[in-house]
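J.: model the structure of this input:
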Amino acid sequence: MIALDHCQDENSPTECEAAIKVSPDDPVYGKYNLTILKFMRLVTSANYSCPLIPNTILNQNTHYIDASNVYGSDSKLAKYLRFFKKGKLLNQMIRKEEYCPQDLSKIFKNGNHTQMSIAFLADILAAMKYLL
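T.: Below you'll find the model as predicted:
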């Protein structure tokens, strides 16, 4: 990763060519004195295992082999996922099945299980009317 402070230099790095300029009075970045953000494109690769999805997204955050998709790509997420004993991950039992830790308050952003059940029932009834 390059230091974005050098984007104003005469011989600036090529990464600065697509940098996003930030106004000094920007409500979010202004208080951090950031005047430029690095622009990063999403990198894709052919998905040969699934003809329905022609591309798959590549992880540019860390190398795939390091298993960051399992253990987290930063220390905060890693601490949330790891058990810190014998290399095990934390788990959560839901209906006698083992899952990764989940924050159940974030699963349903709108409504609760009752509203979800009503929506499911409405979909089933809508589908059944075509069978009758």
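
J.: residue contacts, the residue nearest to Phe83 when sequence neighbours are not counted?
T.: Spatial nearest neighbour of Phe83, excluding adjacent residues (C-beta to C-beta, 6 or more residues apart in numbering): Leu90 at 5.1 Å. C-beta here means a position set from N, CA and C on the backbone, and glycine is covered the same way. Taking C-beta atoms under 8 Å, 6 or more residues apart in numbering, we find Leu90 in contact with Tyr80, Leu81, Arg82, Phe83, Cys100, Pro101.

J.: list the buried residues of stretch 72-81.
T.: Residues of stretch 72-81 classed as buried: Gly72 (neighbour count, 16 or more other C-beta atoms under 10 Å).

J.: quick one: mean pLDDT for it?
T.: Mean pLDDT, stretch 72-81: 79.

J.: neighbours around Leu89, how many?
T.: Applying other C-beta atoms under 10 Å, we find 15 residues neighbouring Leu89.
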